[in-house]
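> Fold the following and give me the result.
(one chain, ligands or ions: 2)
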Amino acid sequence: NLSGLDLRAEIDRLRKEKNAVILAHYYQKPELQDLADFVGDSLELSRIAAETDADVIAFCGVKFMAETAKILSPDKIVVLPDLDAGCSLEDSCPPDKFAAFRAQHPDHIALTYINCSTEVKALSDIIVTSSSAEKILSQIPADQKIIFGPDKHLGGYLQRKLGREMLLWPGVCIVHEAFSETELLKLKAQYPDAPVAAHPECPAHIIDHADMVGSTSAILKFAKETPSEVVIVATEPHIIHQMEKAVPEKTFIGAPGADGNCNCNICPYMALNTMEKLYVALRDLEPRIELDEELRLQAKKSLDRMLEMAS
Ligand code: 13P
Ligand code: SF4
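Residues are numbered from 1 along each chain as shown. Ligands and ions are numbered 1, 2, ... in the order given. The predicted structure is shown next:
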């Protein structure tokens, strides 16, 4: 029974006692973002995980992110407050099916979004994040054939932006898939001067109305720097917390789903992490991420290529 505990103070005490670093993605609940040592996008959090000298990494994010931290920092204890915090993109891409798809296209390399399992990373040549994908893709020779998975919307966006054909795996993020074009157009009519900032996991019919497309960190930067007073944000709405902290005088509106508000766009996996579960994870150093060493080393190759090519 955790009632009566000052969770914030207890988490602070445990973080020092266990020499832990708390990492949080922008899609986490505001209270978790506020007590994290670092809040960032997938690439930034991977870099911090690779470089930290903490003994414990408490990852407030989803499982593929915590596994990435473990791949890059195998000697650290990596805890994830809720092991069920998965991702629809990871679920869309079972390793056996991905291996079979690769085998059908032996002349293609696999350029793979970081939102996938460790097994799929091990089957891939180069990993990308939303903030590094364009830079990495533009370094691949034009005649090299490419499989891109598991996010068909990010893949489609890259194809359109860079004019590059790729074979796309048919996965989607259920959060970004849920934005409604009709409702977005209604909102734009209401706020004609408000730019739309969209994540590339959005389908093309949302991206087509965007003034800016980028990773969570890029969207946050845009929100801070644009002279516009009102910004429409087409990504998971918890990122608005950082925007409101940074520029409280501006108004940020989450892009709507079919019901006309942004609540249906909350990531149900990210939402599984809570202050209570983070406290227990730091106290017990469980649930812990453990990976088979051979698998880890194989997955690390494609992640290392990302870190080299993105730098
Ligand atoms: P980025 O923070 O890298 O833009 O990723 C977004 C996302 O969907 C993470 O699950
Ligand atoms: Fe996966 Fe989408 Fe949730 Fe990110 S927001 S963890 S891509 S389901």
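> could I have stretch 171-180 exported to CSV, CA atoms only?
Below are the C-alpha coordinates for stretch 171-180, written out as CSV (Å, rounded to 0.1, in the frame of the first residue of the first chain):
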residue,chain,number,x,y,z
GLY,A,171,2.7,-1.1,-39.8
VAL,A,172,1.1,2.0,-38.2
CYS,A,173,1.1,3.9,-35.0
ILE,A,174,-2.4,3.7,-33.6
VAL,A,175,-2.0,7.1,-32.0
HIS,A,176,-1.1,9.1,-35.1
GLU,A,177,-3.4,7.0,-37.2
ALA,A,178,-6.4,8.3,-35.2
PHE,A,179,-6.2,12.0,-36.2
SER,A,180,-9.2,13.0,-38.3
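> anything in that stretch near ligand 2?
Yes. On the criterion CB under 6 Å from any ligand atom, stretch 171-180 is in touch with ligand 2 at C173, I174, V175. In this view, the C-beta of every residue, glycine as well, is placed from N, C-alpha and C.
> Which of the residues in that stretch are classified as buried?
G171, V172, C173, I174, V175, H176, A178, F179, S180 (16 or more other CB atoms under 10 Å).
> What values do phi and psi take at the last one?
For S180, the backbone dihedrals are phi -100, psi 130 (criterion: degrees, to the nearest 10).
> Tell me how far it lies from C173.
Taking CB to CB, to the nearest Å as the measure, S180 falls 15 Å from C173.
> For the stretch 101-250 of the chain, list the residues in contact with ligand 2, please.
Checking the stretch 101-250 of the chain against ligand 2 by CB under 6 Å from any ligand atom, the hits are N115, C173, I174, V175, E201, E236.
> mind listing what the last one touches?
Contact analysis of E236 by CB atoms under 8 Å, 6 or more residues apart in numbering lists Y26, Y27, V175, H199, T216, N265, I266, C267, M270.
> Please flag which of those sit within helices.
V175, T216 (DSSP state H).
> could the contacts of E236 be laid out in CSV, adding pLDDT and distance to L184?
CSV is the format used below for the contacts of E236 (pLDDT from 0 to 100; distance: CB to CB, whole Å):
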residue, pLDDT, distance to L184
Y26, 98, 21
Y27, 98, 20
V175, 97, 15
H199, 98, 13
T216, 97, 19
N265, 92, 11
I266, 96, 17
C267, 97, 19
M270, 98, 22
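> Which of the contacts of E236 ranks first by neighbour count?
Of all the contacts of E236, the most densely surrounded is H199 (29 neighbours; neighbours counted as other CB atoms under 10 Å).
> Find the nearest non-adjacent residue to that one, please.
Leaving aside its chain neighbours, H199 sits nearest to T235 (3.9 Å; criterion: CB to CB, 6 or more residues apart in numbering).
> need the contact list for that neighbour.
H176, A197, A198, H199, E201, C202, T216, I219, A255.
> ok, back up a step: L35: which of the contacts of E236 is nearest?
If you rank the contacts of E236 by distance to L35 using CB to CB, Y26 comes first, at 14.5 Å.
> Might one say that that closest one is in contact with Q242?
Yes. Assessed by CB atoms under 8 Å, Y26 is found in contact with Q242 at 6.2 Å.
> Overlap of the contact sets of these two?
Contact criterion CB under 8 Å, 6+ apart; residues bridging Y26 and Q242 by contacting each: Q33, V39, L220.
> Buried among those residues? Make that a PyMOL selection.
To isolate the buried members of these in PyMOL, using 16+ other CB under 10 Å:
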select buried, resi 33+39+220
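> Nearest to E249 among the shared contacts of Y26 and Q242?
Distances from E249 to these, taken by CB to CB, are shortest for L220, at 16.0 Å.
> Following the chain onward from the helix or strand where the closest one lies, which element is next?
In this structure, L220 sits in helix 216-225 according to DSSP states H and E. Sequence-wise, the next helix or strand downstream of helix 216-225 (DSSP H and E) is strand 230-234.
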